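> 3D, please:
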Amino acid sequence: MVDWPTKLPSAFAEREMERFKKMVDDGVAVAVPAALDYCQRYNCRPPKWLLAASVSMLCTLMKGEEPRKRGRATNHISRYRQDQIDYSRWSTVVWVRESQLELAKQAEDIKDRTDYPASWRQDRERLAAWYGHTLDRAFRCAAALLEGNESFGSPDAIKRSYFKVIRIQRDPRQATRYGYIDVHFLPKLGLKWEPLVRPGRKLEPLYNIPI
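Model prediction:
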């Protein structure tokens, strides 16, 4: 991970606090300890709203109140984890869709150009074919790309997460569920940041990966 500075400009810190406040106001409870951790890490003075939210959360925890809903997202951390899984799947599909357009254009632009090596033209063609051009193909590609990652799922699971994120992002009251939280803080919640990698796999062209 990158070693960030221990002190940030006040204007930048204020913007971050406003972002955290919007998340808290919209019900993203993990933003409360995340904002406190941010203040501690970067030597910022906690704003009054954060102190009030912290007291309220601590009192709730001390009283041992149980979440009303049961199931996979019965507490704030599990809900945040699932939201991040959904968002990772959505963003991977978005990236695949952009790659579909770009690679199709590249393959078309150079297919008859003799100033490009034949091996390069073939590589672009094979890669464009691997990505395909449909949304359903994008779900399959995303599933292959996320293999070994916590966000991995079947193409159908990727599809459900993709449309779930689209639906939630249309609601201004819920869109902040996918707000960014400092990767240094995630381990304190028992969470981890994962890059888009295929652990244990050697680097190879994507078109060698069967889907």
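
> Now do the same contact list for the spatially most central residue of the chain.
Nearest residue to the geometric centre of the chain (Cα atoms, centre = their mean): S88, 3.8 Å. Each residue near S88 by Cβ atoms under 8 Å, 6 or more residues apart in numbering is listed here: L146, N149, S151, E194. Just so you know, the C-beta spots here come from the backbone N, C-alpha and C atoms, and that holds for glycine as well.

> just how off-centre is the lowest-mean-pLDDT helix or strand in the chain within its chain?
Lowest on mean pLDDT, DSSP states H and E among the helices and strands of the chain sits helix 48-63, with a mean of 87. Relative to its chain's centre, helix 48-63 lies at 27 Å (Cα atoms, centre = their mean, to the nearest Å).

> What are the structural domain limits within this structure?
Here the domain assignment for the chain is 10-63, 77-175+195-208, based on automatic domain parsing.

> Dump those into CSV; add distance to P187 as well.
Putting these into CSV (distance: least, Cβ to Cβ, whole Å) gives the following:
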stretch, distance to P187
domain 10-63, 11
domain 77-175+195-208, 12
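
> which residues of the chain score low on pLDDT?
Applying pLDDT under 70 to the chain flags the ranges 1-9, 64-74, 195-203.

> mind listing the helices for it?
Taking DSSP state H to define them, one finds helices in the chain at 10-25, 31-41, 48-63, 76-110, 118-131, 135-145, 155-169.

> a markdown table for those, including distance to I209?
Listed next are those as a markdown table, based on distance: least, Cβ to Cβ, whole Å:
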| stretch | distance to I209 |
| --- | --- |
| helix 10-25 | 36 |
| helix 31-41 | 35 |
| helix 48-63 | 44 |
| helix 76-110 | 13 |
| helix 118-131 | 8 |
| helix 135-145 | 5 |
| helix 155-169 | 14 |
